Structure formats: structure tokens, C-alpha cells
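K.L.:
A structural model of the following input is requested.
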Amino acid sequence: TDSAQPISNALYARLGLVPRVPFLHLAGEVRRPEAFPGLPASVEPVRFEEHRGAGRVELTTGIEAIDRELLGYTHPEDHAYLEAEGRVGILYRDRSGNPVGYAYTSRVGRVGPVAARDARLLPAILGHVLAAVRPTGAFSTWVPGAAGGAVAALLDAGLRLESFPALHCWDRPSVDDTRYIPISLALL
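P.N.:
Here you go, the predicted structure:
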């Protein structure tokens, strides 16, 4: 919901959909890339298009495992849409080849979804994926306030807060907002 709508938010809360996490719209250019920590030496980024043949199955299986862990469900239709739309996808894996995260960005600056099995890795993944593509305009993403390290790094890098925060409302915990940045507010 929009945080600028207190009457609506109160009505939803009375019905059990309580505002739990603010989502911050961050937009702008990366002016200070050094604001992001580097990827640990133990983490290897691999672009989705480099996964061919059996590697494609490994990519899909890895993404699904991360989504189940962080979201409680898989969403292959959304991943297929992002690929068809031409978004740049990157899988991050440890030295054993186990997936530790993934991220998408695009040439028009849209960022997300971004997922990390360890919340401490989220700022480094963001820094890497934002450096992977030079957008035609500004970057834009909705970041949960619960992902504080990611929010701080994005702001320190030069992005700015846009408009009012949105509020993630639910009647019970659903998504791990400390380790996941959605495609959009409509697609968590």
C-alpha cells in the first residue's frame, strides 16, 4: 500500500493486513561504486546466458532453491518473462558451485529481483549487478527497509529516495525482506 494513505492502511490493518515493512523506491546513478563492498573471493558471478545445456538445468534448479528458501515458492513464469524481456541475469555461486544468490538488471535501469542466501552478501551482489550494465538512464528499484545494508549502500553510492515509501502488509510473515529485492511492488 501507499504510506501516504493512512485511512486505507488503518482499514487493512483492522482486517489483519498490518503494515510490516516499508519499501523504499531508490533511483539514480551510481556515482560512488566504492560504496558497495566487493564480492568475496569465494563467490563467482556467472551470467545466465553462459549456462547452456546441462548448465541451464543447474541455473533453473539453483534459482528455484533460492526462491523456495527466501519466498516459500518458485516463480518460473516471472523468470521466463525477465529473460524474454532481455534483462541481464547473473547467478552467484560459491567455490563448490552452490548458488548463493541471483540478480537481474536491464539496459533501461530496472533492478530486480535480487536474492541472496546471506543478507550480508546482498550489498555486494547489488554493487556487482549495477556495474554489469550501463543503463540508458537512471537505475530504479524498490528495496525493503529491512534490507538495511542494501539501502545504505545504494544511498551511499548515489541513488536517492523517491516519493513516499510503500508498505508491505500481511497477516503473517511471507517473504524474507532482509535478503530479497522484488521485481516490483506488484510481484513479490
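
K.L.:
Look up phi and psi at residue 133.
P.N.:
phi -140, psi 130 (degrees, to the nearest 10).

K.L.:
Enumerate every residue touching it.
P.N.:
Applying C-beta atoms under 8 Å, 6 or more residues apart in numbering to residue 133 gives the contacts 88, 105-107. For the C-beta atoms, the positions are set from N, CA and C on the backbone; glycine is no exception.

K.L.:
quick one: low-confidence ranges for the protein?
P.N.:
187-188 (pLDDT under 70).

K.L.:
Now do the strands in it.
P.N.:
18-28, 44-47, 88-93, 99-105, 111-116, 139-144, 160-170, 180-181 (DSSP state E).

K.L.:
Run through who's touching the second one.
P.N.:
Contacting residues not belonging to strand 44-47 are listed as 39, 88-95, 128, 132 [C-beta under 8 Å, 6+ apart].

K.L.:
again with the shortest one
P.N.:
Around strand 180-181, the neighbours that count as contacts under C-beta under 8 Å, 6+ apart are 70-71, 111-116, 122, 126, 141-144, 147, 150.

K.L.:
give me that answer again for 7 Å
P.N.:
Applying C-beta atoms under 7 Å, 6 or more residues apart in numbering, the external contacts of strand 180-181 come out as 70-71, 112-115, 141, 143, 147, 150.

K.L.:
Dump those residues to TSV, plus neighbour count.
P.N.:
Below are the contacts of strand 180-181 laid out as TSV (neighbours: other C-beta atoms under 10 Å):
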residue	neighbour count
70	19
71	18
112	23
113	26
114	26
115	26
141	25
143	29
147	26
150	29
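
K.L.:
Many thanks, we can stop here.
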